[in-house]
Every structure is written in C-alpha cells, then in structure tokens.
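Novice: Provide a 3D model corresponding to the input given below.
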Amino acid sequence: METAVRVLQTQIQLAVDALRSGQLISFPTETVYGLGADAANASAVRRIFELKGRPSSHPLIVHVAQRGALREWAAKVSPVAEKLAEAFWPGPLTLVLPRAASVLDAVTGGQDSIAIRIPSHPIAQDLLSAFGGGIAAPSANRFGRLSATRAEHVREEFGDAVKVILDGGPCAVGLESTIVSCLDEIPRLLRPGAVTLAQLQAVAGTVRVGGGHDAPRVPGSTVSHYAPSTPLSIVANDELDRLTQSLARSGQRVAVLAQRAPSKVDATVTWINAGTQASAYAHDLYANLRALDHAGCALILVQDVPGDPSWDAIRDRLQRAAAAHPSLPMAVSS
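Specialist: Just a heads-up that it's a prediction; the model follows:
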C-alpha cells in the first residue's frame, strides 16, 4: 500500500467550489481516479456523460462520506447490505440499493436502483466531508478505455476540460470497486474487485455471481471495456514466446504484458514483467497497459493470468479489454 499524497485544504476548497458551481473535478480513490460531479445537479451529471462519451443508460456510482448519508440516496437498506457496509466501508465495495425518490434518473441510468459507496482514500474522504453531499463519479477516462490510476492519466485523457484535479499519487488498489447488488434477499456479485467473493461470502453467506435478465445495469458491465487503443490479445503462457517471436520476425512491433521475463530479448518487442503477485499486478495494470499503448506497437499480447480467485478481477478486466478486438486470437486458461 502506498502513502497517499496529502493535498492542501485550499485545493479541497477549490474542488468543493467547482462542484457547487456545477463543474467537473477529478479526485483519487483507493481504486481509481473518479470524474466527479454534484450528484444532485442534473446539468453537472450530464457533463460527465458528455465528456466521457458515456451512454446515458450506463449508471454512475455515488460516493458519500459516511453511512449516515445512505438515507438520502437509498429508499431501503436491507440487513445483508448493512452487514456488507459494516464490514467493507470505507473501502472498495459498491452496493446497489433501491433508489430514493429524489435521486436523479441521470445518475441511475433510469433504473430504480442506485450504486453507492464510501471510499477510503483520505483525499476522497476530505473532499466528501467538505462538500457535504454525494459525488457522482465514474472512472476518469473516456468511456470503454483504460481507467486512470494516477493524476497524469486524467490530464492525458481530458487535458484542460477538467479544471481541478486532486493529485493523491498512484491509487492503492488500481482496479475499480467490487459491485454487489442488494436488491434481493440474496446478494449478487456483478463486478469483481478487491473485495473478493470469498470475503463477501464470509459476511453475507450465499452470494450469487454474475448478471442476468433481472440484474441491474452497473458500471463496467459492457462486454468490451477497460481497453487500450492498441489491439490486445490474451495468450497462453506456453504460446507467448513463440507468438511474440513469430510476429517480431515478420517485422511487427509487439508489446507484451507478462508475469515473467522474456526467454529472448528482441529490439522490436516491448516487454513488461508485471510479476506473479495479484495485488501488485492489479495495482500496476492500467499504468502498464498505458505504457504499452504508447509504445508504438501493432499489438499487445497479455500472458493469461492464473485461475486462482485472487486474479478474478484482473481476469475480468483483461477479458473485457480483449473483447474490444474480437477478431484477434484469445486463449483463456481452462
């Protein structure tokens, strides 16, 4: 875990003033950087969709400072939701609850539910406490692209379009929050994240996994998402060197994200060894993919990650990134 950079109170106040005037800001959470607007301001929320190029049916997550704020946003909080909130808030867990009547349709994508969480990042906490309301904040990136885990990623995505960016250094987790729907008696895991299925089960008992026709739409649920501009393909470990060298011999520049060093060094190959620890791999994933995206290569090859549950969130993000280019070969471990 990295120590967050503390910003000055004057910077927090600038961000609060921007939110209250209907502007967009960016701020760090423990997961990724958010692109934030006053969740009670319809025109400000619309600006999020316009700037990101996000479909209006794709709901947003509302961030609040403390559990006492839930009554303003949720019509009902079930006993199992209370248990999960007690166990994992503040932290990288988003709960989907029945929306309060006053919640904007733009925030929920027109659904009868709201996605809400309490982030643990100290800058996010300071901002939310000073603002005193809910901040609607998807990841600070263009829709479907790599999430931002550093302030410079936000500047790269949006330039001067976001006037206030609170720099909290690299995000500690590096992947978006776990999303759990608590609309029914049995909770449903809709997006894997740092809070694992096993952790959820230890608190809630039975937990369903995956969406369905009756599941709410949630952020990051599209088949293609979290993708670099460079085509990305997932490759089995025993095929990685052969395919890399074959492409290199044909004159193509290739980028590789692996969990080991290459067997052969080639000047036309940009190779990142991200290691074998799931938490470290997740922390660096988007930064590594951005670096490979900027390497001027024709293709990014990603070594298939282990099947262990600790890699579930990483596997989810990589498979969605690869789905942006379905014509490429993708090998998934059995």
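
Novice: Now do the strands in this structure.
Specialist: With DSSP state E, the ranges of strands along the chain come out as 25-28, 33-38, 61-63, 93-98, 113-117, 135-136, 164-165, 178-181, 188-191, 208-209, 232-235, 254-258, 269-273, 299-303.

Novice: okay if I get these as CSV plus mean pLDDT, mean neighbour count and distance to residue 148?
Specialist: In short, each C-beta sits where N, CA and C put it, glycine included. Below are the strands of the chain laid out as CSV (pLDDT from 0 to 100; neighbours: other CB atoms under 10 Å; distance: least, CB to CB, whole Å):
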stretch, mean pLDDT, mean neighbour count, distance to residue 148
strand 25-28, 98, 28, 8
strand 33-38, 98, 29, 4
strand 61-63, 98, 28, 15
strand 93-98, 98, 24, 18
strand 113-117, 97, 26, 18
strand 135-136, 98, 27, 16
strand 164-165, 96, 20, 10
strand 178-181, 98, 26, 19
strand 188-191, 97, 22, 18
strand 208-209, 95, 13, 28
strand 232-235, 97, 22, 18
strand 254-258, 97, 23, 18
strand 269-273, 97, 18, 19
strand 299-303, 97, 24, 18
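
Novice: Dump those to a markdown table, plus distance to residue 150.
Specialist: Formatted as a markdown table, the strands of the chain follow (distance: least, CB to CB, whole Å):
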| stretch | distance to residue 150 |
| --- | --- |
| strand 25-28 | 9 |
| strand 33-38 | 7 |
| strand 61-63 | 19 |
| strand 93-98 | 22 |
| strand 113-117 | 21 |
| strand 135-136 | 20 |
| strand 164-165 | 10 |
| strand 178-181 | 21 |
| strand 188-191 | 22 |
| strand 208-209 | 31 |
| strand 232-235 | 20 |
| strand 254-258 | 17 |
| strand 269-273 | 16 |
| strand 299-303 | 19 |
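
Novice: Figure out which of those strands is closest to residue 142.
Specialist: strand 33-38 (10.1 Å; CB to CB).

Novice: Give the other helices and strands that the closest one contacts.
Specialist: With contacts taken as 3 or more CB pairs under 8 Å, 6 or more residues apart in numbering; DSSP states H and E, strand 33-38 sits against helix 9-20, strand 25-28, helix 42-52, strand 135-136, helix 151-158.
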